[in-house]
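[1] I'd like to go over a predicted model; first the sequence, then the structure.
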Amino acid sequence: MIVLGSALLVLFSLIVLLKTIRIVPQMQVLVIERLGRYAGILGSGPHIIIPFIDSPRSVNWTGFPVGMRYIDLREQYTDLPMQPVITKDNVTVGVDSIIYWQITDPYKAVYEVADLTGGITQLTITAMRSVMGEMDLDETLSSRDTINNKLRLVMDGATNKWGVKVTRVEVRNINPPEDVRVTMEKQMTAERNRRALVLQAEGERQAAITRAEGERDAAIARAEGERQMQVLRAEGAAQARLRAAEAEAKSIQIIAQALAGAGNPAQYLLMGRYIESLREMAQSENSKVVFMPVEASNVLSSVGMLKELFSDKAKAPAAPSLVIPPQTATMPQPAVTQPATAQPTPIPARATTPSTQQPQPQYTPR
């Protein structure tokens, strides 16, 4: 009996010691109640409490073990399941999100709300439906940052009285219905085709502009080159003419000095060029026209007169002939206009007498 009593006494002492000494881990707290009333919060480290009078407060939060006593002050997250949300254009989408939160006041977290994590979860779902219900489907899919910021502001203001700080709210997935997804894929394909056509047209336009600018610059450069070439040719021709004129002036001066007043040097040069021109025309292979010198007109007139003289002698051998000396040059005489009242008697031209006409008497000059 004595041994049994001693064992019970030792066991009771151990139980009392365990209920008296409490060791709290780092970044955790322990809410103490004295006879069911809040007595204080124990931070990290060893603590001594009154056994059977002071007792830790246990909490029952969703996602945590039942009867949990140590409250973690570190940042935690709650993974929300897929929730159906109706957008502004009446499209039901599934939203998968996650929320990050941290307890800043353990007293409020324990006594202001019965289920802290359950309240945060339901509040996040309600706020998400409210925020995304104001957006259409396209805006919902392209504005995740806006949704996250709005949810964080709503959650931070609502959970402040619970002693909780919502740090981030992240929307991970937004799953539209299958028919909407197929339609969106077709729309995306059409949009990409449109962008491709627009980019191709823009590229062709830029290429055409660049090509036109290149052709314009080339035409300008070509015209500038032709202009400079024509200017240079004109300058060369002008310098050549000046040199030729200077050479001709010097030649005329030398010829004038050589003639010493016995002749006209300009006429000498003209006759020289005239003879050179006749030589060039005579050497041409395709020439079908014969050019005769101006001095050949005197010879031709003399030959014609001799022909007429011999023809007259053949018809009338006894008749004397009038010999007309050949003219030195056949120059046309200007026509003289007679008054309208005068009727001049036309003088017939000398022609060959036909064989049937009687021969006219010929007079021999003395």
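    Thanks, I have it. Here the structure is a predicted model, which is why all the values come from computation and not from measurement.

[2] L30 and A39 touch, don't they?
    No. Using C-beta atoms under 8 Å, L30 makes no contact with A39, being 10.9 Å away. (C-beta placed from N, C-alpha, C; glycine too.)

[3] Looking at these two, which is more packed in?
    Neighbour count, other C-beta atoms under 10 Å: between L30 and A39, L30 has more, with 21 against 17.

[4] can you map out the helices along the protein?
    2-20, 106-111, 116-132, 137-142, 144-159, 178-259, 265-282, 296-315 (DSSP state H).

[5] For those, give me TSV that also has mean neighbour count.
    Shown next, in TSV, are the helices of the chain (neighbours: other C-beta atoms under 10 Å):
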stretch	mean neighbour count
helix 2-20	10
helix 106-111	18
helix 116-132	19
helix 137-142	16
helix 144-159	17
helix 178-259	10
helix 265-282	11
helix 296-315	12
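
[6] what would those look like in JSON lines with mean pLDDT?
    Below are the helices of the chain laid out as JSON lines (pLDDT from 0 to 100):
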{"stretch": "helix 2-20", "mean pLDDT": "80"}
{"stretch": "helix 106-111", "mean pLDDT": "93"}
{"stretch": "helix 116-132", "mean pLDDT": "91"}
{"stretch": "helix 137-142", "mean pLDDT": "86"}
{"stretch": "helix 144-159", "mean pLDDT": "88"}
{"stretch": "helix 178-259", "mean pLDDT": "89"}
{"stretch": "helix 265-282", "mean pLDDT": "73"}
{"stretch": "helix 296-315", "mean pLDDT": "54"}
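
[7] Adding distance to H47 as columns, could you present the ones you listed in CSV?
    Formatted as CSV, the helices of the chain follow (distance: least, C-beta to C-beta, whole Å):
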stretch, distance to H47
helix 2-20, 9
helix 106-111, 15
helix 116-132, 24
helix 137-142, 50
helix 144-159, 29
helix 178-259, 57
helix 265-282, 135
helix 296-315, 152
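
[8] how far does stretch 155-169 stretch from start to finish?
    Length of stretch 155-169, first residue to last, C-alpha to C-alpha, to the nearest Å: 9 Å.

[9] Give me the residues contacting it.
    75, 97-109, 112-113, 116, 119-120, 123-124, 127, 148, 151-152 (C-beta atoms under 8 Å, 6 or more residues apart in numbering).

[10] Same question for stretch 54-73.
    22, 24-25, 27-34, 38-39, 78, 102-103, 106, 109-110, 115-118, 121.

[11] what about Y77, neighbour count?
    So Y77, with other C-beta under 10 Å, has 13 neighbours.

[12] and the gap between it and T121?
    11 Å (C-beta to C-beta, to the nearest Å).

[13] swap in E248?
    116 Å.

[14] re earlier: any shared contact partners between Y77 and T121?
    I99.

[15] burial count for the nearest residue to T124 once chain neighbours are set aside?
    Leaving aside its chain neighbours, T124 sits nearest to I99 (5.2 Å; criterion: C-beta to C-beta, 6 or more residues apart in numbering). Residues lying near I99 (other C-beta under 10 Å) number 25.

[16] likewise D79?
    D79 has 11 neighbours, counted by other C-beta under 10 Å.

[17] Enumerate every residue touching A127.
    Here A127 is in contact with K150, L151, V154, M155, A158 (C-beta under 8 Å, 6+ apart).

[18] Closest one of the residues you listed to A201?
    A201 lies nearest to K150 out of the contacts of A127, by C-beta to C-beta, at 39.8 Å.

[19] ok, the residue nearest the centre of the chain to I32 distance?
    Nearest to the geometric centre of the chain sits Q206, at 3.8 Å (C-alpha atoms, centre = their mean). According to C-beta to C-beta, Q206 stands 77 Å off from I32.

[20] Please apply the same query to L80.
    Counting by C-beta to C-beta, the gap from L80 to I32 is 33 Å.
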